[in-house]
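[1] Task: produce atomic coordinates for the following.
(one chain, ligands or ions: 2)
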Amino acid sequence: MVNLEERAKILSEALPYILKYKDKIMVIKYGGNAMVDENLKRLVMEDVVMLSSLGMKVVLVHGGGPEISAMLKKINKQSEFVNGLRVTDGETMDVVTQVLAGKLNKSLVNQLNLAGGKAIGLSGVDAGMIEALPKDPKLGYVGTITEINTEVILDALTLGYIPVISTIGFDQNGNLYNINADTAAARIAGALDAEKFIAMTDIKGVLKDKDDPTTLMQTINVSEIKQLAKQGIIDGGMLPKVACCEEAIRRGVNNVVIIDGRVPHSILIEVLTDEGVGTQFK
Ligand SMILES: Nc1ncnc2c1ncn2[C@@H]1O[C@H](COP(=O)(O)OP(=O)(O)O)[C@@H](O)[C@H]1O
Ligand SMILES: CC(=O)N[C@@H](CCC(=O)OP(=O)(O)O)C(=O)O
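    Ligands and ions are numbered 1, 2, ... in the order given. Predicted coordinates:
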């Protein structure tokens with residue numbers, strides 16, 4: 001427990017940030033790997049409720065890749081990934097919908113409500129939020145986003161809700177699509193003209209040497225990304241994540257950051273302190 005003097009210092013440091021972000025939209029992407037530890041998940045939900053209570057308009061977009069893989073394994077279905085995207089046949093799409101829009105979405109909404117927040121669960125199908133088309137015939141029901149309709153998100157925010165979004169898309173022919181949660185979160189942040197986009201993952205941020213946590217790159221200029229990928233500094237799961245951050249910047253979000261979901265209260269440290277955490281994109 002911190003003493004009174006320390007608490008006063010924390011509050012005075014936080015105050016300018018509270019005023020800066022009050023009434024502003026903040027999109028937080030919460031990745032499946034960062035969701036695995038139940039205790040950490042509870043802390044993340046408490047932080048989200050705290051930001052919302054401070055007057056920030058928080059939108060939580062969640063993934064759930066590991067949970068989808070676990071459920072597919074239970075029904076003896078193997079997952080195949082191409083460039084980080086899950087090849088999605090009809091049966092897999094059913095599981096993706098059940099896990100993302102069902103189990104995980106409801107569990108996050110419940111935890112936010114229990115933490116004192118007012119959360120509402122939405123999928124990309126609800127109120128026609130995420131319209132999509134097939135990305136590549138080889139990937140089956142993996143969607144590429146054609147349109148983001150922000151109306152229901154803005155209405156929910158106006159009513160004081162924390163929208164919790166699972167990234168299922170739809171088309172005009174009645175098909176549902178599996179959409180990578182990083183991609184959808186960045187597009188939603190752009191469409192909402194968000195003040196800040198935070199991608200939570202299970203690593204410190206972008207590292208110069210991915211096996212050495214002391215090599216955190218605190219800032220990356222989007223013009224450097226191609227070169228970093230070419231040099232092999234950024235690869236694997238970090239490639240699509242960095243591409244999404246670039247996309248969010250390109251769509252006008254000024255404040256874009258990747259942070260470590262394993263660090264307790266990393267969201268609060270990022271939003272409310274001078275220090276910040278993770279990798280900031282410019
Ligand atoms: N330069 C890098 N810095 C940090 N991580 C990297 C880098 N290059 C590749 N990676 C890999 O990317 C992974 C993060 O992506 P991923 O696991 O898909 O995240 P999430 O599940 O949160 O969407 C890291 O665990 C790491 O193995
Ligand atoms: C097309 C595609 O790959 N969709 C992802 C959707 C979930 C997701 O993106 O979850 P994370 O944020 O935990 O990775 C999947 O099926 O795993």
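[2] What helices and strands are in contact with the longest helix seen in the chain?
    Across the chain, the helix with the greatest residue count (assigned by DSSP state H) is helix 4-21. On a contact count with 3 or more C-beta pairs under 8 Å, 6 or more residues apart in numbering; DSSP states H and E, helix 4-21 meets helix 266-272. All C-beta atoms are positioned from the backbone trio N, CA, C, and that covers glycine.
[3] what ranges do the strands span in the stretch 1-150 of the chain?
    25-30, 57-62, 81-82, 85-86, 119-123, 130-134, 143-148 (DSSP state E, counting those that start in this stretch).
[4] Count the residues that sit near Leu154.
    Using other C-beta atoms under 10 Å, Leu154 is surrounded by 14 other residues.
[5] so what's it closest to, chain neighbours aside?
    Distances taken as C-beta to C-beta, 6 or more residues apart in numbering place Leu192 nearest to Leu154, at 7.4 Å, with adjacent residues excluded.
[6] near ligand 1, which residues of this structure?
    31-34, 63, 65, 182, 201-203, 206-207, 210, 233-238, 241 (C-beta under 6 Å from any ligand atom).
[7] List only buried entries from those.
    31-34, 63, 65, 182, 201, 203, 206-207, 210, 233-234, 237-238, 241 (16 or more other C-beta atoms under 10 Å).
[8] re earlier: tell me the buried residues in the longest helix of the chain?
    For helix 4-21, the neighbour count (16+ other C-beta under 10 Å) marks 14, 17, 21 as buried.
[9] Just put the residues you listed in CSV and tack on distance to ligand 2 and pLDDT.
    CSV is the format used below for the buried residues of helix 4-21 (distance: C-beta to the nearest ligand atom, whole Å; pLDDT from 0 to 100):
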residue, distance to ligand 2, pLDDT
Ala14, 29, 92
Tyr17, 26, 94
Tyr21, 24, 96
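[10] from those residues, which is closest to ligand 1?
    Closest approach between those and ligand 1, by C-beta to the nearest ligand atom: Tyr21, at 23.2 Å.
[11] I figured that closest one hits Ala194, correct?
    No. Contact criterion C-beta atoms under 8 Å: Tyr21 and Ala194 do not qualify, at 10.6 Å.
[12] which residues touch the residue of the chain found nearest ligand 1?
    At 2.3 Å from ligand 1, Gly237 is the closest residue in the chain, using C-beta to the nearest ligand atom. Shown in contact with Gly237 (C-beta atoms under 8 Å, 6 or more residues apart in numbering): 84, 201.
[13] okay, it: pLDDT?
    Looking at Gly237, its pLDDT is 78.
[14] Please apply the same query to Met1.
    Value listed for Met1 in the pLDDT field: 61.
[15] before we move on, what about Thr88?
    The model reports Thr88 with a pLDDT of 98.
[16] Next, find the distance separating it from Asn175.
    For Thr88, the distance to Asn175 (C-beta to C-beta, to the nearest Å) stands at 11 Å.
[17] now Ile198
    Ile198 is 31 Å from Asn175, where distance means C-beta to C-beta.
[18] So the two - more neighbours on which side?
    Using other C-beta under 10 Å, the more surrounded residue of Ile198 and Asn175 is Ile198, with 25 against 15.
[19] per-residue confidence averaged over whatever helix or strand that one lives in?
    For Ile198, the host element (DSSP states H and E) is strand 196-201. Average pLDDT, strand 196-201: 95.
[20] roughly how far is whichever helix or strand comes after that strand from the heart of the chain?
    Next along the chain after strand 196-201, taking DSSP H and E as the criterion, comes strand 219-220. In this view, strand 219-220 has its centroid 19 Å away from the chain centroid, taken as C-alpha atoms, centre = their mean, to the nearest Å.
[21] tell me which of the buried residues of helix 4-21 is nearest to Thr92?
    Tyr21 (38.3 Å; C-beta to C-beta).
[22] Run a quick neighbour tally on the closest residue to that closest one other than its chain neighbours.
    What sits nearest to Tyr21 in space, not counting adjacent residues and going by C-beta to C-beta, 6+ apart, is Met56, at 4.8 Å. Residues lying near Met56 (other C-beta under 10 Å) number 22.
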